[in-house]
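Novice: Make a model of this:
(2 chains)
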There are 2 protein chains.
Amino acid sequence: MEQMQFQKLTGGLGLDREQTRTLPLSQVKIEDSFWSEYVRLVREVVVPYQWEALNDRVPEAAPSYAIRNFRIATGQEQGEFGGMVFQDSDPAKWLEAVGYLLQSSPDPELEALADELVDLIAAAQHPDGYVNNYFTLKEPDGRWTNLAECHELYVAGHLIEGAVAYFRATGKRKILDVACRLADCIDTAFGEAEGKLEGFDGHEEIELALVKLYQVTGELKYLELSQFFLDQRGTNPNFYAEELEKRGGRVHFGHLDIAHDLAYSQAHLPIREQATAEGHAVRLVYLATGMADVAAETGDENLTEACRKLWSNIVTKRMYITGAIGSQEYGESFTFDYDLPNDTVYAETCASIGLVFFARRMLRLEPRGEYADVMERALYNTVVAGMSRDGKSFFYVNPLEVRPGACSKSRIHAHVKPVRQGWFGCACCPPNIARLLASLGEYMYTIGPETIYTHLYIGGTVDLDIAGAKVSVEQMSTYHTDGQVTLLLNTDLDVSFTLALRIPSWSGTVALTINGVALTIRPENIKDGYLHLKRVWQTGDTLDLRFDMPILKMRSHTAVPHTVGKVALQRGPFVYCLEEADNGPALHRFSLPKEGTLSIVEGLGDLPEGVCAIRAEAQIIQLESENEPLYQSEAAHLEEQSAEAIFIPYFFWANRGQGEMNVWVRETF
Amino acid sequence: MEQMQFQKLTGGLGLDREQTRTLPLSQVKIEDSFWSEYVRLVREVVVPYQWEALNDRVPEAAPSYAIRNFRIATGQEQGEFGGMVFQDSDPAKWLEAVGYLLQSSPDPELEALADELVDLIAAAQHPDGYVNNYFTLKEPDGRWTNLAECHELYVAGHLIEGAVAYFRATGKRKILDVACRLADCIDTAFGEAEGKLEGFDGHEEIELALVKLYQVTGELKYLELSQFFLDQRGTNPNFYAEELEKRGGRVHFGHLDIAHDLAYSQAHLPIREQATAEGHAVRLVYLATGMADVAAETGDENLTEACRKLWSNIVTKRMYITGAIGSQEYGESFTFDYDLPNDTVYAETCASIGLVFFARRMLRLEPRGEYADVMERALYNTVVAGMSRDGKSFFYVNPLEVRPGACSKSRIHAHVKPVRQGWFGCACCPPNIARLLASLGEYMYTIGPETIYTHLYIGGTVDLDIAGAKVSVEQMSTYHTDGQVTLLLNTDLDVSFTLALRIPSWSGTVALTINGVALTIRPENIKDGYLHLKRVWQTGDTLDLRFDMPILKMRSHTAVPHTVGKVALQRGPFVYCLEEADNGPALHRFSLPKEGTLSIVEGLGDLPEGVCAIRAEAQIIQLESENEPLYQSEAAHLEEQSAEAIFIPYFFWANRGQGEMNVWVRETF
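Specialist: Residues are numbered from 1 along each chain as shown, chains lettered A, B, ... in the order given. Below is the predicted model:
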């Protein structure tokens, strides 16, 4: 490692761009009319359920084996390793979620369970720092022989993330020490020095995790190791093909040919040369997150530019309006520019979560509204759609158009489930939702030397130090209902700083009062999507923000074939959809006349309080009898009727039984 | 076999319905401005090329091994069996095509090649009549152990079909004797008697082949054997699961689980209870063809009704406007009612060919215009689209919407090729096209006791005996260009019979003159889609038919989601499409205004003579720059321009390089 050259490794301070910092979760309390319920579900339902599932105590779910594997590895139980090659990552993600929950508020019972897990993990660690139950139990001689497929560093990365979160919550070093020893073990095995492996994991995760470990420990070697993994990726010769040959051609996931389909793992080009988002969508956004982390820590402008390129390709050519990514089931992957099929889409919940990770890192690199806009889009639509309203079932795949019959009878729709599922063979999404929602406070603000950036309008309180003062900002928000936000400042002294308030891209006009006095917003007050308010703030200062929240008919770029001639409704952060529960079957028959009225419906049926539906003047084509011919001349009679269509926010779909759902609707004139 | 009960096995004469007979090919000569070129291509290009391919003498194509396998089986060459388990069917289909060509006109060189093949096949036959090179060479002990997967009776069926066609052409008994001995061998092995196998082939074909063998030999046992296979299908217990267990669980096509996914092979229900077209599309239509054959020979009304049910389900719920069937690549199969995706469709050329087979059998059972309409739809669109204009390349899959980029970058489109391919690993389609086009004359007419039914309007001459007279009907047709047909009758004596002329479903009005005198067509003259002209015909009688051929905007049943709000253009037998070659890229941007004019363009570029294009007043959405956002409010400027769109007949697509193609176009107002 000592031979490596790092550019500006401790830089980032002398840049033109203003780099910002993220606030620790302990400084942000959420009390929000929309989000608190989700955080409560994570704490009271998801995390406890997941612990039971990890311990194989959920009768209706297939066993996880995850804790049992640790017991076997530590000699407390007899048996064989069970589950996927990356099964260890599940308890790690659970530990991470627990860490976030405990950062927000103490919970001795939960902490006791976590300590139990920490003890198990520590006991499973080899003397040289290695921890991985799959290899320990199933392939004791296979360590580091199948980086392409076996998620070895991915699992390590999750363990490190869990350790950092738990250490931050509790200050207990035990699991952090485990993580450091594991990272040291990896550092010993990988690098450019003679005798080390110049490899990198098939599933990115270690990169971003090592940056977290660096941030919490200050140990530069972890940052260097992260940068090594990033820069090693996609170089010649093909490391995956070489290790495949070395291990005699044995493969784990035969249908994918990971060793040669390098784009699947973003290993087809050096990362700085990757201009398009390719391959497995979750991997790509985890990679990009790690890239942005390293760029922020090192000030590497070239790496920052590589992040911008990937970001831009995703959000301008490969992202669904719901903030979903991954256009196809094969390889859970991206396809190509403007290929956005709505019914056969993959749109994994984890991929949108990873996009939120990436967005947050980009916001740290440069506060631009587009990052927060996309983060908001993913959060309010695909991410929360991923979980049912009772926290007990989950979507892995998040389609924008569903016909339940197709899911069971058409193979290209087989991965799409018309209702949320209880648990999964590959149970990555539920714990990922849990850890994201439990750490939501980390996504709301970033702080510059003299600026507080507000990215998400979520009710609650943040406490921070800025410009030598202690400041607390209380948000009281009905943002998701009507776009109204009140910010109440408390400071220990009068202090000059800038409050930079994101103006959501969907907002028509913004009205602002400070202490009841209306402020005229001038173009020069707005920079990169943020309204900059620089002044000497005094305790008790109150800002009332009112974002105009019209019902928008959204359209796609004209290069997208799947949505041409169609519109999607959006209001505020929510994208809307038609559901069979409100509108009957064969939703494709609906169209929206260009001049038809759209109105807000409050208090519809089972919608959560404050979540509005939309009533639309629509046209509907009569469903013909099955005796009618399959094809006939248009001259034949075809009845179209005026109708009313009810749209609900996308995130809420499939909470009322099984039925059709559709986001994009034909527009008629 | 003697224990079996056959209902009305020699019946069919006392039915209310009028059964008709098909004419032998030798009585029909084709001389048509559209079809003759295809028949010529088959004779001069496809069949000679195929012979070279079967003999592994085409350097640019992967070896077929088909003839080589026969040489190895007969000891003339050393080596191992090569190719698919059904590789023997390729030479058989070649022999069948040759048989049809020779029935139409002699060709001593071709006959010499065929005799060579006949000698090889005869030499490869076991003393007990068995012929199958795969089992002979690769699994000598495996005979009849894997009916579900190994196409053993399917291959036998093709051998029988080839033998019958070649015998009919040449009168040479050698190959017919081979076929009879093979059928006897099968008859010995299969049946309800003690010690016989109560099985049936995974890929239907033997059923229709045995009826042909019965028709040419008069041997009732072949018809009985066909009926046995039909009635055995889908009965309990599951024969495929039983044989799987007997052979120790070995499978050939592991990804399909054929032994348990019984619908794939139409073995999920007894055939008389199958109300929907399920499973592998080619298999389904081959099955239905065999069912209709047996129904016609036995007069089994219940079986006829089963045929009608399958027919109706296909054509009213599961068929593309191009006459294509098979909505998905997985299992090359049907999916469910009204599921007709245009881009991920399978639409195998062979399936449409099988649909033509089925239609012809239904026409024999009962002359109804809808059978001929569908036959015509499949022939003029999917079947001829299957072959390039030079006869050298072929489509296996026939999509209705193609973006070439998707074919290489999206897995659900990977089976779709944007250009025709030279030859295939599974080379079923080219020889199937060849044998169909070489026997096209069999599809034009059926003959009742006193009625000549004209189903297809293809130029040429038919010679037949009817009502005690020798009659020849000469068709002179520019049907595909302008809907005009002239029929000239020659008879050896004045004779009373009915000429039943199909009125195509697309025809607006029909004008008819007989010997220059206009005839008023009354509703009572039309029955089941046929204009019945009963009179005493004299030699020299001339009929001029003029079918009005408007450009039709066709729409789908409103239950089809994929085409809602869209129209397809059709004129006469041709369905039209947009191609990038004429209209530029991103074809989804086109729409057709409801009142826009449509006009015929003659002599466009490379279109065959007499084939018209359509010029349409259209709207086109401007292709935005890639810097434009992926999603924006509809209020944002979006330019639509008036444009001209050029539509060409679907069959001609992809003859001018690679590009987009689209059948269904949005309609605007």
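Novice: Okay, and the residue minimising distance to the centre of chain A sits in which element?
Specialist: In chain A, the centroid-proximal residue (CA atoms, centre = their mean) is residue A:353; its distance is 1.1 Å. Counting by DSSP states H and E, the element that carries residue A:353 is helix A:349-365.
Novice: looking at it, the residue nearest to the centre of chain A is touching residue A:433, isn't it?
Specialist: Yes. In this structure, residue A:353 is within contact of residue A:433 by CB atoms under 8 Å, at 6.9 Å. No exception for glycine: its C-beta is placed from N, CA and C like everyone else's.
Novice: shared neighbours of those two, anything?
Specialist: By CB atoms under 8 Å, 6 or more residues apart in numbering or on different chains, residue A:353 and residue A:433 have these common neighbours: residue A:383.
Novice: quick one on the thing from earlier: is the helix holding residue A:353 up against chain B anywhere?
Specialist: No. Using CB under 8 Å from any CB of the partner chain, helix A:349-365 never reaches chain B; the gap is at least 13.5 Å.
Novice: and that helix, how far from the chain's centre?
Specialist: Its chain's C-alpha centre and that of helix A:349-365 lie 6 Å apart, by CA atoms, centre = their mean, to the nearest Å.
Novice: cool, stretch A:483-491 as well?
Specialist: 27 Å.
Novice: now what about it, what contacts it?
Specialist: Contacts of stretch A:483-491 (CB under 8 Å, 6+ apart): A:454, A:457, A:469-479, A:499, A:507, A:537-549, A:572.
Novice: Just give the number of residues close to residue A:80.
Specialist: 10 (other CB atoms under 10 Å in any protein chain shown).
Novice: what does the model give the residue lying closest to it once chain neighbours are set aside for pLDDT?
Specialist: Closest residue to residue A:80 apart from its sequence neighbours, by CB to CB, 6 or more residues apart in numbering or on different chains: residue A:137 at 6.9 Å. Note on residue A:137: pLDDT of 97.
Novice: so residue A:137 touches residue A:69, yeah?
Specialist: Yes. With contact defined as CB under 8 Å, residue A:137 counts as touching residue A:69 (6.7 Å).
Novice: Of the two, give the one with the bigger neighbour count.
Specialist: residue A:69 (29 against 17).
Novice: so what's that one up against?
Specialist: A:81-83, A:87-88, A:133-134, A:137.
Novice: next one: residue A:169
Specialist: Contacts of residue A:169 by CB under 8 Å, 6+ apart are A:26, A:98-103.
Novice: Including secondary structure, could the contacts of residue A:69 go into JSON lines?
Specialist: JSON lines is the format used below for the contacts of residue A:69 (DSSP: H, G, I helix; E, B strand; the rest coil):
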{"residue": "A:81", "secondary structure": "coil"}
{"residue": "A:82", "secondary structure": "coil"}
{"residue": "A:83", "secondary structure": "coil"}
{"residue": "A:87", "secondary structure": "coil"}
{"residue": "A:88", "secondary structure": "coil"}
{"residue": "A:133", "secondary structure": "helix"}
{"residue": "A:134", "secondary structure": "helix"}
{"residue": "A:137", "secondary structure": "helix"}
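Novice: who touches both of residue A:137 and residue A:69?
Specialist: With CB under 8 Å, 6+ apart as the test, residue A:137 and residue A:69 both reach residue A:81.
Novice: Low-confidence regions, the stretch 301-450 of chain A specifically.
Specialist: Filtered on pLDDT under 70, the stretch 301-450 of chain A yields the residue ranges A:423-426.
Novice: Please read the previous query as pertaining to chain A.
Specialist: Using pLDDT under 70, the flagged stretches of chain A are A:1-18, A:423-426.
Novice: Walk me through the domains of it.
Specialist: A:64-269, A:551-627+A:635-668 (automatic domain parsing).
Novice: Check the gap between the closest residue to residue A:563 other than its chain neighbours and residue A:566 for me.
Specialist: Take residue A:563 and drop its neighbours on the chain: the residue closest to it by CB to CB, 6+ apart is residue A:556, 4.2 Å away. Counting by CB to CB, to the nearest Å, the gap from residue A:556 to residue A:566 is 8 Å.
Novice: next one: residue A:195
Specialist: Residue A:195 is 58 Å from residue A:566, by CB to CB.
Novice: between these two, which one's more packed in?
Specialist: Using other CB under 10 Å, the more surrounded residue of residue A:195 and residue A:566 is residue A:566, with 22 against 7.
Novice: Quick check: the residue of the stretch 151-300 of chain A nearest chain B.
Specialist: residue A:255 (9.4 Å; CB to the nearest CB).
Novice: quick one: that residue and residue B:254, what's the gap?
Specialist: Where residue B:254 is concerned, residue A:255 sits at a distance of 12 Å (CB to CB).
Novice: Spit out the residues that contact those two alike.
Specialist: What both residue A:255 and residue B:254 touch, as defined by CB under 8 Å, 6+ apart, is an empty set.
Novice: before we move on, the earlier item: among the contacts of residue A:169, which are in strands?
Specialist: Residues of the contacts of residue A:169 located in strands (DSSP state E): none.
Novice: Of the residues you listed, which belong to helices?
Specialist: Using DSSP state H, the subset of the contacts of residue A:169 located in helices is A:98-103.
Novice: So which of the residues you listed is the closest to chain B?
Specialist: Distances from chain B to the ones in helices among the contacts of residue A:169, taken by CB to the nearest CB, are shortest for residue A:100, at 31.2 Å.
Novice: For that closest one, give me its contacts.
Specialist: Neighbours of residue A:100 in contact, by CB under 8 Å, 6+ apart: A:25, A:165, A:169, A:435, A:438-439.
Novice: Apply 7 Å and report the result again.
Specialist: Residues near residue A:100 by CB atoms under 7 Å, 6 or more residues apart in numbering or on different chains: A:25, A:165, A:435, A:438-439.
Novice: didn't the residue nearest to residue A:80 look like it was pressed against residue A:81?
Specialist: Yes. Using CB atoms under 7 Å, residue A:137 makes contact with residue A:81 at a distance of 3.9 Å.
Novice: Any idea how many residues pack against residue A:396?
Specialist: 22.
Novice: pretty sure it is in contact with residue A:432, am I right?
Specialist: No. Applying CB under 7 Å as the test, residue A:396 and residue A:432 come out as separate, 10.3 Å apart.
Novice: Overlap in contacts, these two.
Specialist: residue A:349.
Novice: So which residues of the stretch 551-669 of chain A form helices?
Specialist: Secondary structure of the stretch 551-669 of chain A (DSSP state H, counting those that start in this stretch): helices at A:580-583.
Novice: Which residues of it lie near chain B?
Specialist: Contact residues (CB under 7 Å from any CB of the partner chain) of the stretch 551-669 of chain A with chain B: A:552-559, A:561, A:564-565, A:567, A:586, A:588-589, A:591, A:621-624, A:628-634, A:638, A:666, A:668-669.
Novice: hmm, 6 Å instead?
Specialist: A:552-558, A:561, A:564-565, A:567, A:588, A:621, A:623-624, A:628, A:630-631, A:633-634, A:666, A:669 (CB under 6 Å from any CB of the partner chain).
Novice: And these, which of them are buried?
Specialist: Buried subset of these (neighbour count, 16 or more other CB atoms under 10 Å in any protein chain shown): A:552-558, A:561, A:564-565, A:567, A:588, A:621, A:624, A:630-631, A:633, A:666.
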